[in-house]
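Engineer: give me a model of this one.
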Amino acid sequence: MTFSQYYRPDNMRSTLPKDLQDDPALQEQIKDINLLYSAAIREVSTKLDVLGDDFNMKHAYVPIHHMQSRLKTFSSMIEKAERYGIEDPVHNLDTVRNEVFDIAGVRVVCNYQEDIYTMSELLLKQSDVKLIKIKDYVQNPKPSGYRSLHVVITVPVFLVNSKETVPVEIQFRSIAMDTWASLEHELKYKNKGSLSDDVLEQLKQCARTLADVDSQMERIRHQVF
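Structural biologist: Got it, this is the predicted structure:
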């Protein structure tokens, strides 16, 4: 199992607009967010690492192929808050934290579709993990063809003089789901989010094909093991 972090924990502060960089109160709030949400990412990642290791000891099989994590940049966090209708989010970061649940994110790429549910269920059984919401785009894919299991939880972060409860969004995907989502994202990014109807239809067909591959590989696995 490998773990990689594709935003540095201090990236949120480094991307503050220039006109806000001299605001000491805001800097302090951003520093606190970095600390709390980076710590929450480590908490969740460690829990999943331990679960994967224990599963391997008991079943001689590691269900997690790899994990990635990210902390939203400041601009991304503010843009999300504005879409949620939060007024003046830059100066209402407490409200942002209460309403935006994906500031911290962990992506868990599993070998097979059934591993997605196995690992999410094991994580949710832990007494200090509290479920906020689940969106199952595996059983109910998005119109684009996107498939993933989104689980939003809270975990405790223990500080020197306090304990904070911090939300983390976890995306559970199979290797095939992650392949499609990554390539689709790259195509949209390269074309500034605009793709022709023909390309979108081809992407949907690719998603359906990969879903069939997922199911077939799972059947083969059960024939072998």
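Engineer: now do stretch 90-110: distance from first to last residue.
Structural biologist: 36 Å (CA to CA, to the nearest Å).
Engineer: quick one: average confidence on that stretch?
Structural biologist: Taken as a whole, stretch 90-110 carries a mean pLDDT of 96.
Engineer: and it, which residues are buried?
Structural biologist: 90, 93, 96-97, 100-110 (16 or more other CB atoms under 10 Å). Quick note: C-beta positions are derived from backbone N, CA and C, even for glycine.
Engineer: and Q68, which of the three is it?
Structural biologist: Classification of Q68 using DSSP: H, G, I helix; E, B strand; the rest coil returns strand.
Engineer: does anything pack onto the strand ranked longest in the chain? Which helices or strands?
Structural biologist: Using DSSP state E to assign secondary structure, the strand with the most residues in the chain is strand 163-174. Packing contacts for strand 163-174, counted by 3 or more CB pairs under 8 Å, 6 or more residues apart in numbering; DSSP states H and E, involve helix 24-59, strand 104-110, helix 113-124, strand 149-158.
Engineer: give the residue spans of the chain that score low on pLDDT.
Structural biologist: Counting by pLDDT under 70, the ranges of the chain that qualify are 1-16.
Engineer: thinking again about what came up before, any idea which of the helices and strands packed on strand 163-174 is most buried?
Structural biologist: strand 104-110 (a mean of 25; mean count of other CB atoms under 10 Å).
Engineer: report the angle between that strand and helix 24-59.
Structural biologist: Put simply, strand 104-110 runs at 20 degrees to helix 24-59, going by axes from the mean of the first three to the mean of the last three CA atoms, to 10 degrees.
Engineer: state the number of residues packed around V160.
Structural biologist: V160 has 4 neighbours, counted by other CB atoms under 10 Å.
Engineer: next: the one 10 residues further on.
Structural biologist: Other residues within reach of I170, judged by other CB under 10 Å, total 25.
Engineer: let me see the contact set for it.
Structural biologist: 44, 105-108, 120, 123, 150-153 (CB atoms under 8 Å, 6 or more residues apart in numbering).
Engineer: repeat for F101
Structural biologist: Contacts of F101 (CB under 8 Å, 6+ apart): 132-133, 152, 167, 169.
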